[in-house]
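*Asks:* Okay, here's the prediction I keep looking at, along with the sequence it came from:
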Amino acid sequence: ATPASVSSQMIRPLAEGVRITSFESEKSGQVVDELYWINYYPNGMCDKYSLALVDAYGKSAEVAVDNLSGRVSVEYP
């Protein structure tokens, strides 16, 4: 169950066949029952996090988001 202190304002489902294979965040407890959440703030900052995705064909991408700028970097290993 999701902790009571978490309120979801936006949920983004993954495309069919895509799954998260790893998720890391500076904050602990941001994964509950395969629900991952990140706090984004009105000033453009967010919790620093990274994740890896893989599709049904085995293609993968590693995504990292900077907490100060919100800038996203994507690598295709």
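*Replies:* Perfect, thanks for sending it.
*Asks:* Within the sheet, what are the partner strands of the worst-scoring helix or strand of the chain on mean pLDDT, with directions?
*Replies:* Lowest by mean pLDDT, DSSP states H and E among the helices and strands of the chain is strand 31-32, with a mean of 74. In the sheet, strand 31-32 lines up against strand 35-36 (antiparallel) (DSSP bridges).
*Asks:* After the partner strand, which helix or strand is next? Please name it.
*Replies:* Heading C-terminal from strand 35-36, the first helix or strand you meet, by DSSP states H and E, is strand 49-54.
*Asks:* mind listing what's buried in that following strand?
*Replies:* Residues of strand 49-54 classed as buried by neighbour count (16 or more other Cβ atoms under 10 Å): 49, 51-53. No exception for glycine: its C-beta is placed from N, CA and C like everyone else's.
*Asks:* Closest one of those to residue 61?
*Replies:* Nearest to residue 61, judged by Cβ to Cβ, of the buried residues of strand 49-54 is residue 53 at 5.0 Å.
*Asks:* Return, as residue ranges, the portions of the chain with sub-threshold pLDDT.
*Replies:* Applying pLDDT under 70 to the chain picks out residues 1-9, 28-29.
*Asks:* if we go to 90?
*Replies:* 1-14, 23, 25-47, 68-71 (pLDDT under 90).
*Asks:* mind checking the end-to-end distance for stretch 53-60?
*Replies:* Across stretch 53-60, the terminal residues are separated by 5 Å (Cα to Cα, to the nearest Å).
*Asks:* Then stretch 52-72?
*Replies:* Using Cα to Cα, one end of stretch 52-72 lies 13 Å from the other.
*Asks:* outside of that stretch, which residues touch it?
*Replies:* The contact list for stretch 52-72 (Cβ atoms under 8 Å, 6 or more residues apart in numbering) reads 14-23, 26, 38, 40, 44-51, 73-77.
*Asks:* Tell me the buried residues in stretch 35-49?
*Replies:* Buried, per 16+ other Cβ under 10 Å, within stretch 35-49: 37, 46, 49.
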